[in-house]
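1. this is a predicted model, with the sequence first.
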Amino acid sequence: MSTVHEDRALRNKSGLFQDRIDAGNHLAGMLEKDHKGHPQGLVLAIPSGGVPVGLALSNSLQLDFDLIIVRKVQIPGNPEAGFGAIAFGGEVFFNQDLLAALRLSQEQIDEQVDKVKTELTLRNALFRNDRPLPELKGKTAIIADDGLASGYTMLAAIDAVRKQGAAKVIVAVPTAPSSSISRVEPQADAIYCANIKDVRSFAVAEAYRNWWDLSREEVMELLNQGIQGRG
């Protein structure tokens, strides 16, 4: 069971962060004491929304930066919602309760999984030039995203990083519902979440005053700027 770190002053609040970079800087302040300049630490961001958060963490904490390519498995006809998630080269994590309620056929499930695997391959080529993951054996991997929704995307990322030999896995997200924190908590060594919300209906966007879905072009620009900035 992991240790959960939160900013109690932000509990159940909305509209807290100017944007994802602002949220990443706030998170960096929470991680600074234990992780700044850690010789075995690195930040792994989940594209797309996790990239500006992860870059802010990497710059503030003076840690190496890379990506962990993970995608939700979308519900047919509802691309904003997912019934599971997959990491590049990793296993599929299904939300079994949701799957049971959706009553999808095996053919529908397989079709959505295949679509995501194709997208993961494309994203790894586009964002990482098909490079293998960095050497993680013995490292402390800080996995960053712009928030947890159901938590299944993060579970897939944690699994992939563990299989690469990471000694510790730290989850760093600006916002999440308490239910998803509880789902992810057993799989992480620590969770840093600035804004935990005790709600039945949750949206990551509610934590931000400026929110939009990042395009591939915006992600590439951020990555190029981030790499140059750390030069």
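-> Alright, I've got the coordinates.
2. who's in contact with the residue positioned nearest the centre of the chain?
-> With distances taken as CA atoms, centre = their mean, the residue of the chain nearest its centroid is D145 (3.2 Å). D145 makes contact with A45, I46, G49, G50, V53, T153, M154, V173 under the criterion CB atoms under 8 Å, 6 or more residues apart in numbering. (Each C-beta comes from the backbone N, C-alpha and C, glycine too.)
3. element containing V173, please.
-> If you go by DSSP states H and E, V173 is part of strand 168-177.
4. which SSE is immediately downstream of that strand?
-> helix 178-184.
5. what's the first helix or strand after that next one?
-> strand 190-197.
6. what packs against the next helix or strand after that following strand?
-> Following strand 190-197 in sequence order, the next helix or strand is helix 216-230 (DSSP H and E). Under the contact definition 3 or more CB pairs under 8 Å, 6 or more residues apart in numbering; DSSP states H and E, helix 216-230 sits against helix 50-61, helix 106-128.
7. quick one: which of the ones you listed has the weakest pLDDT on average?
-> Lowest mean pLDDT within the helices and strands packed on helix 216-230: helix 106-128, at a mean of 92.
8. before we move on, back to that, now do the strand holding V173 against strand 190-197, angle only.
-> 0 degrees (axes from the mean of the first three to the mean of the last three CA atoms, to 10 degrees).
9. most neighbours among the contacts of D145, which one?
-> When neighbours are taken as other CB atoms under 10 Å, the top entry among these is A45 (33 neighbours).
10. what does the lowest-mean-pLDDT helix or strand in the chain rub up against?
-> When the helices and strands of the chain are scored by mean pLDDT, DSSP states H and E, helix 216-230 comes last with a mean of 77. Helix 216-230 is touched from outside by P47, S48, V51, P52, L55, S58, N59, F65, L126, F127, L214, with contacts defined as CB under 8 Å, 6+ apart.
11. buried members of those into PyMOL, please.
-> Buried subset of those, written as a PyMOL selection, criterion 16 or more other CB atoms under 10 Å:
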select buried, resi 47+48+51+52+55+58+59+65+127+214
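12. of the contacts of helix 216-230, closest to N78?
-> S48 (18.7 Å; CB to CB).
13. for that closest one, give me its contacts.
-> Here S48 is in contact with D213, L214, S215, R216, E218, V219 (CB under 8 Å, 6+ apart).
14. could those go into TSV alongside distance to Q164?
-> Compiled in TSV, the contacts of S48 are given as follows (distance: CB to CB, whole Å):
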residue	distance to Q164
D213	28
L214	25
S215	29
R216	25
E218	27
V219	22
